[in-house]
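Peer 1: Could you work out the structure for the sequence below:
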Amino acid sequence: MSNTMKVRVKNKNGVVDVKVIINHPMENGLRLNPQSGNKIPAHFINQFIILVNGEEALVSRCTGGLSKNPFYGFKLSDMKPNDRITVNWTDNTGQSGSADAVVN
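Peer 2: The predicted model follows:
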């Protein structure tokens with residue numbers, strides 16, 4: 001699986017609008033494979049962390065209820081140009097991804 005992630009930031013007077021989309025299958029473990037009838041194994045993001053200049057700003061614990069390729073949007077205040085936003089995720093199989101964006 002590709003762990004690609006897109007992070008976009010837009011600064012407006014110190015309030016940064018952050019948009020994140022993660023390429024992930026997000027299987028909850030309840031669906032059946034139409035060909036075999038067997039359950040498709042669970043495979044979902046269970047932790048999503050935002051760091052600002054290396055310090056935790058947001059921690060989200062997730063379950064299998066999110067859609068495939070989840071989108072997150074949020075705002076961060078008191079941001080300055082050149083502040084670094086890091087987005088990290090981990091899933092229930094141990095896979096993870098990370099991406100950075102710099103405030104303009």
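Peer 1: what's around the closest residue to Arg31 other than its chain neighbours, how many residues?
Peer 2: Using Cβ to Cβ, 6 or more residues apart in numbering and skipping residues adjacent in sequence, the residue nearest Arg31 is Ile40, 4.9 Å away. Every C-beta, even on glycine, is put in place using the N, C-alpha and C of the backbone. Other residues lying near Ile40 total 15 when counted by other Cβ atoms under 10 Å.
Peer 1: Looking at Ile40 now. What's its pLDDT?
Peer 2: At Ile40, the model reports a pLDDT of 97.
Peer 1: Just confirm it contacts Gly64, I think it does.
Peer 2: No: when contacts are counted by Cβ atoms under 8 Å, Ile40 is not listed as touching Gly64 (10.9 Å).
Peer 1: Which neighbours do these two have in common?
Peer 2: Residues touching both Ile40 and Gly64 (Cβ atoms under 8 Å, 6 or more residues apart in numbering): 27, 29.
Peer 1: Which parts of stretch 32-50 count as buried, going by neighbours?
Peer 2: 42-46, 48-50 (16 or more other Cβ atoms under 10 Å).
Peer 1: how far is it from where the chain is centred?
Peer 2: Distance of stretch 32-50 from the chain centroid (Cα atoms, centre = their mean, to the nearest Å) equals 16 Å.
Peer 1: Stretch 19-26 now?
Peer 2: Using Cα atoms, centre = their mean, the distance between the centre of stretch 19-26 and that of its chain works out at 6 Å.
Peer 1: can you check stretch 61-81 too?
Peer 2: For stretch 61-81, the distance to the chain centre is 6 Å (Cα atoms, centre = their mean).
Peer 1: start to end distance for that stretch?
Peer 2: With Cα to Cα, to the nearest Å as the measure, stretch 61-81 spans 29 Å from end to end.
Peer 1: mean confidence for that stretch?
Peer 2: Stretch 61-81 shows a mean pLDDT of 95.
Peer 1: and what of stretch 14-32?
Peer 2: Stretch 14-32 comes out at a mean pLDDT of 97.
Peer 1: buried set for that stretch?
Peer 2: 16, 18, 20, 22, 24, 26-27.
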